[in-house]
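# Predicted structure and sequence below. I'll ask about it afterward.
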Amino acid sequence: MAHDRESALALVAELPRGLYINGRWRESATGAHYPVHSPADGTVLTEVADASVADAQDALTAAEAAQKDWGATTPRYRAELLRRVFDRIIERTEDFAALISLEMGKPLAEARGEVAYGAEFLRWFSEQAAHLTGSYAPAPNGGYRIVTAKQPVGPSLLITPWNFPLAMATRKIGAALAAGCTCLIKPAPQTPLTLALLMRIFDELNVPAGVVNYLPTLDAAAQSKALMDDPRLRKVSFTGSTGVGSILLHQAADRVLRTSMELGGNGPFIVFDDADLDAAVEGAMLAKMRNAGESCVAANRFLVHSAVAEEFTQRLVRRFEKLVIGDAFDPASTVGPLIDARQLDKVTELVDDAVAHGARIRVGGKASSGAGYFYAPTVLTDVPETARIGREEIFGPVAAITTFDTEAQALERANATEYGLAGYVYTRDISRALRFAEGLESGMVGVNRGLVSDPGGPFGGVKASGLGREGGATGIEEYLETKYLAVQL
Ligand code: SIN
């Protein structure tokens, strides 16, 4: 049954508030807790245990102890376990959606979408777990055989963001467990509750002790440094900002630790003059307004051919005007709050800076008064190149539109960023669509489509947007080593 805010708060009151280490819930070694806030009104939802470095080390001890047996479980066993977790999440869709809405703020309908998306990673990786491959081939000189086998990397630290509290975690946990790796999960401090429920499900399904460990903390830097300095840790997978990813990469270099990095974006959304404008506006709503723009694959820069720019803008403005900002549990609400005051300040600054440099506000352009971190869905036109908004990741409900006249100009401008995560192109000319998609310096391209995210697709970026791919056929490889055996016959 769908939750309202009151029943969602009752659900929170029943959740474990501790750390999950070595198959049991416990308090932090220091006894410390921290408050989790509602972004809709700033109230404290609950307090959770704040893992210390000693707790993290205990979790690593447990993960290392469990690694040998976990890595030796049969692929079928791991596959079926992941499938059971998938089923359990789907059964509890309303509970997960309520927790996501409470702690992250997205409207319930969107949170349900995240539950389906997040659960799907576990089904996808349950299917992958049972299909690990190796190879057997003659050496080129024919004298022996080249045999390859896959082995789990080992205990993995999974650091997840607040914008998709469930899906960004299952994308990592599913792959790690399917590959046979034990893991330590560090949720974003703002959104630990969704994963507390996920840990409870792992516990109910009797996942062996030490295989999954859960370590919310306010001191992420101390925790990750201690774990990454420890030779028992074999892998770190991070989703978050390029700045933090770069710090982690420096730390990982000291021990040549394997990494997967899913970092920031500055996605271009290109609309050519022959585009189906209805489809382009529909795609823009998705690429920009999914998660209130708080997504690294969000369209950050709209580049629209000058012949259709005004028509596209007017249609987009009409759609933005119909959006309703409000509390996640209000059925009328279609856009939730931003995650916190810092994010609200950043979006406000970027819009103000663009306007100071000459941009025009066509709708929105300000934060809501009152409690919570709401910012009005905003469309800006005439955004000059000097404005910060064209260079920095917005992570908010703001569409910044500029125009172009030639394909070459559009491509040059689209690629003029250090990021390269997702891009979008709308045109009816299939040759141009493919040519442009090939020329875009990004890991993912939506061609006449405003959503690229899919557990079956390899998610990841180029340039400063990251290293490695999550999901898709290759996502599991991030947690596997290839061992080569030279076999003399
Ligand atoms: C992200 O914002 O980090 C990823 C969103 C997605 O998977 O679509």
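Ah, there it is.
# residues contacting the residue of the stretch 1-150 of the chain found nearest the ligand?
The ligand sits closest to residue 117 of the stretch 1-150 of the chain, with a gap of 7.3 Å, by Cβ to the nearest ligand atom. All C-beta spots, glycine's among them, are computed from the backbone N, C-alpha and C. Applying Cβ atoms under 8 Å, 6 or more residues apart in numbering, we find residue 117 in contact with 164, 167, 453, 455.
# quick check, the first one in a strand?
No. Read with DSSP: H, G, I helix; E, B strand; the rest coil, residue 164 is coil and lies in no strand.
# Surely it touches residue 115?
No. Between residue 164 and residue 115 there is no contact under Cβ atoms under 8 Å: 10.3 Å.
# Could you give me the buried positions within the biggest helix by length in the chain?
In the chain, with assignment by DSSP state H, the single longest helix is helix 108-129. Under the neighbour-count criterion of 16 or more other Cβ atoms under 10 Å, helix 108-129 has 108, 110-115, 117-126, 128-129 buried.
# Just read off the phi/psi values of the residue nearest to residue 414 when sequence neighbours are not counted.
With Cβ to Cβ, 6 or more residues apart in numbering as the criterion, residue 414 has its nearest non-adjacent residue at 3.8 Å, and that residue is residue 268. Main-chain dihedrals, residue 268, degrees, to the nearest 10: phi -80, psi 150.
# for residue 447, same thing?
Per degrees, to the nearest 10, the backbone of residue 447 is at phi -100, psi 110.
# confidence score at the closest residue to it other than its chain neighbours?
Leaving aside its sequence neighbours, residue 447 sits nearest to residue 433 (Cβ to Cβ, 6+ apart; 5.1 Å). Predicted confidence (pLDDT) for residue 433: 98.
# quick one: what helix or strand has residue 433 in it?
Per DSSP states H and E, residue 433 falls inside helix 430-439.
# Put the alpha carbons of that helix into CSV.
Coordinates of each C-alpha in helix 430-439 appear next as CSV, following Å, rounded to 0.1, in the frame of the first residue of the first chain:
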residue,chain,number,x,y,z
ILE,A,430,20.0,9.1,-39.5
SER,A,431,23.4,9.7,-41.1
ARG,A,432,23.8,12.9,-39.2
ALA,A,433,22.5,11.3,-36.0
LEU,A,434,25.2,8.6,-36.2
ARG,A,435,27.9,10.9,-37.4
PHE,A,436,27.2,13.3,-34.6
ALA,A,437,26.9,10.6,-32.0
GLU,A,438,30.3,9.2,-33.1
GLY,A,439,31.8,12.6,-32.8
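# which parts of that helix are buried?
Buried residues in helix 430-439, counted by 16+ other Cβ under 10 Å: 433, 436, 437, 439.
# hmm, back to that, check the contacts of residue 117 one by one and keep those near the ligand.
Counting by Cβ under 6 Å from any ligand atom, 164, 453 from the contacts of residue 117 sit close to the ligand.
# Now for the contacts of residue 117, which sits with the most neighbours around it?
Counting neighbours by other Cβ atoms under 10 Å, residue 164 leads the contacts of residue 117 with 26 neighbours.
# For it, give its distance to residue 172.
Residue 164 sits at a distance of 11 Å from residue 172 (criterion: Cβ to Cβ, to the nearest Å).
# ditto for residue 277
Note on residue 277: its distance to residue 172, by Cβ to Cβ, is 38 Å.
# Specify which residue of those two has the higher count of neighbours.
Neighbours per residue (other Cβ under 10 Å) separate residue 277 from residue 172, with residue 172 holding more: 29 against 18.
# Without its sequence neighbours, what residue ends up closest to the more buried one?
Spatial nearest neighbour of residue 172, excluding adjacent residues (Cβ to Cβ, 6+ apart): residue 158 at 4.2 Å.
# Show the secondary-structure elements that the helix or strand in which the one you found is found is packed against.
For residue 158, the host element (DSSP H and E) is strand 156-159. For strand 156-159, the elements it packs on are helix 167-179, strand 183-186, helix 220-229, strand 235-239, judged by 3 or more Cβ pairs under 8 Å, 6 or more residues apart in numbering; DSSP states H and E.
# now these as JSON lines including mean pLDDT?
Output for the helices and strands packed on strand 156-159, formatted as JSON lines (pLDDT from 0 to 100):
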{"stretch": "helix 167-179", "mean pLDDT": "98"}
{"stretch": "strand 183-186", "mean pLDDT": "98"}
{"stretch": "helix 220-229", "mean pLDDT": "98"}
{"stretch": "strand 235-239", "mean pLDDT": "98"}
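# Doesn't residue 481 belong to a strand?
Yes. Assigned with three-state DSSP, residue 481 falls within a strand.
# For the spatially most central residue of the chain, list the residues it contacts.
By Cα atoms, centre = their mean, the chain has its centre lying nearest to residue 168, at 4.2 Å. Going by Cβ under 8 Å, 6+ apart, residue 168 touches 160, 161, 239.
# which bits of the stretch 351-489 of the chain sit near the ligand?
Contact residues, the stretch 351-489 of the chain versus the ligand (Cβ under 6 Å from any ligand atom): 453, 459.
# need the helices for the stretch 351-489 of the chain, in chain order.
Here the stretch 351-489 of the chain has its helices, by DSSP state H, counting those that start in this stretch, at 407-414, 430-439.
# Please convert those helices to TSV, extending it with distance to residue 80.
Shown next, in TSV, are the helices of the stretch 351-489 of the chain (distance: least, Cβ to Cβ, whole Å):
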stretch	distance to residue 80
helix 407-414	44
helix 430-439	38
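# Let's see the pLDDT reported for residue 278.
Reported pLDDT for residue 278: 98.
# and if you look at residue 371?
At residue 371, pLDDT is 86.
# how many neighbours does it have?
If you count neighbours by other Cβ under 10 Å, residue 371 ends up with 13.
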